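Visitor: got a sequence here, can you build the structure:
(one chain, ligands or ions: 2)
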Amino acid sequence: MKEIVIISGKGGTGKTSITAAFAHLAEKAVLADCDVDAADLHLILKPNIKERGEFKAGKVAIIDQENCTLCGICSVRCRFGAVKMKDDFYYINGISCEGCKVCEIVCPCNAIRLEEKVSGDWYVADSKKHPFIYAHLRPGEENSGKLVSLVRGKARDYAKENNIDTIIIDGPPGIGCPVIASVGGVNLALIVTEPTQSGMHDLKRIFELTEHFKIPTCICINKFDLNTDITKDIEKFCEAKNVNVVGRVPYDVSVTKAMLQGLSIVEYAEGLVSEEIKRMWERLWKY
Ligand code: SF4
Ligand code: SF4
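Guide: Ligands and ions are numbered 1, 2, ... in the order given. Modelled structure (predicted):
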């Protein structure tokens with residue numbers, strides 16, 4: 001099985017546009033959107049959901065009002081300020097609660113219990129061409145790394161059960177826990193960067209991460225013609241690191257127009273961008 005992850009050190013580099021184009025170009029693949037904090041690949045892939053479920057992670061405290069004597073000890077001892085008073089009742093603010101159990105331990109009336117917290121939702125769907133697994137973390141929730149692992153696990157299971165040997169992963173931006181969860185064990189990471197100072201800075205950080213985990217890596221410079229001086233700096237960096245630049249995609253407003261119509265650029269229009277992305281897709285198979 002070949003797993004390819006598309007990542008970027010920062011948001012807004014065009015990572016999802018390129019993933020959506022690969023999704024159209026792939027013959028047979030499972031798609032996984034691991035950008036669970038801000039999933040948006042579904043806007044282009046237009047999924048038809050076949051299965052869904054809740055993602056439970058961590059715990060949240062609940063007060064049993066019938067047993068509560070309003071002593072207020074839990075409110076004093078909660079260092080996260082999660083115990084609130086309203087209409088003469090104590091209640092727990094689920095977003096502030098860290099599930100540390102202190103209130104449960106100190107409550108003299110056994111009026112507090114901890115329950116599993118629903119932190120997100122996952123979906124298995126059909127999309128335009130391929131099965132598609134994705135998830136959303138609920139607002140204010142954490143544990144996105146665990147949800148990424150869940151999405152990847154479901155994508156692998158689906159691929160095995162249906163004899164599909166390619167998984168294309170849209171990874172999260174940045175270099176944090178969800179990114180590490182999305183790159184672990186993949187066969188290839190494609191880093192999408194752009195020729196800006198922040199793009200260069202974040203490329204170095206994300207490359208350090210894939211280098212650290214010894215993940216075969218290649219680079220796509222998106223909108224390379226917007227600043228050819230920085231593009232040259234990126235190419236020099238890649239040469240020094242012995243990493244291939246597999247794509248130099250020019251800027252074209254058609255990419256935005258395609259997104260607005262819910263299409264990948266290769267579906268929307270022929271042209272330099274589509275041609276380069278098609279070449280890049282072919283090059284990825286040489287790894
Ligand atoms: S410590 Fe227990 S009894 Fe006291 S206010 Fe909190 S929940 Fe109610
Ligand atoms: S579990 Fe911890 S964070 Fe949540 S309300 Fe109780 S003391 Fe506060």
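Visitor: how is this structure divided into domains?
Guide: Split into domains by automatic domain parsing, the chain comes to 2-46+127-284, 57-118.
Visitor: what about the residue of the stretch 101-250 of the chain found nearest ligand 1, how many neighbours?
Guide: Nearest to ligand 1 in the stretch 101-250 of the chain, going by CB to the nearest ligand atom, is Cys107, at a distance of 3.3 Å. The way it works is simple: take the backbone N, C-alpha and C, and place the C-beta from them, glycine included. Counted with other CB atoms under 10 Å, the neighbours of Cys107 add up to 21.
Visitor: excluding its backbone neighbours, what's nearest it?
Guide: Cys74 (5.6 Å; CB to CB, 6 or more residues apart in numbering).
Visitor: so what's the one you found up against?
Guide: By CB atoms under 8 Å, 6 or more residues apart in numbering, the contact set of Cys74 is Ile63, Val83, Tyr90, Val102, Cys103, Val106, Cys107, Ile112.
Visitor: the residue of the stretch 101-250 of the chain closest to ligand 1 and Cys177, how far apart?
Guide: From Cys107 over to Cys177 the distance is 32 Å, taken as CB to CB, to the nearest Å.
Visitor: I'd say Val151 and Val36 touch.
Guide: Yes - using CB atoms under 8 Å, Val151 is in contact with Val36, at 6.8 Å.
Visitor: which neighbours do those two share?
Guide: Shared contacts of Val151 and Val36, defined by CB under 8 Å, 6+ apart, comprise Tyr134, Ala135.
Visitor: quick check, Val76 in a helix?
Guide: Yes - counting by DSSP: H, G, I helix; E, B strand; the rest coil, Val76 is located in a helix.
Visitor: in contact with it: list those residues for me.
Guide: With contact set as CB under 8 Å, 6+ apart, Val76 has no partners.
Visitor: so what's the closest residue to Asn110 other than its chain neighbours up against?
Guide: Take Asn110 and drop its neighbours on the chain: the residue closest to it by CB to CB, 6+ apart is Asn67, 6.4 Å away. Counting by CB under 8 Å, 6+ apart, Asn67 makes contact with Cys109, Asn110, Ala111.
Visitor: going by neighbour count, which of the residues you listed comes out on top?
Guide: Among these, Ala111 has the most neighbours (other CB under 10 Å), with 20 neighbours.
Visitor: do you know how far that one is from Ile73?
Guide: For Ala111 relative to Ile73 (CB to CB), the value is 10 Å.
Visitor: equivalent analysis for Asp35, please.
Guide: Asp35 is 42 Å from Ile73, by CB to CB.
Visitor: do the same with Val246
Guide: Taken as CB to CB, the span from Val246 to Ile73 is 61 Å.
Visitor: these two: which has the busier surroundings?
Guide: Val246 (21 against 16).
Visitor: within the helices and strands, which one has the more buried one?
Guide: strand 244-249 (DSSP states H and E).
Visitor: which bits of the stretch 51-200 of the chain sit near ligand 1?
Guide: 63, 68-74, 90, 107, 109, 111-112 (CB under 6 Å from any ligand atom).
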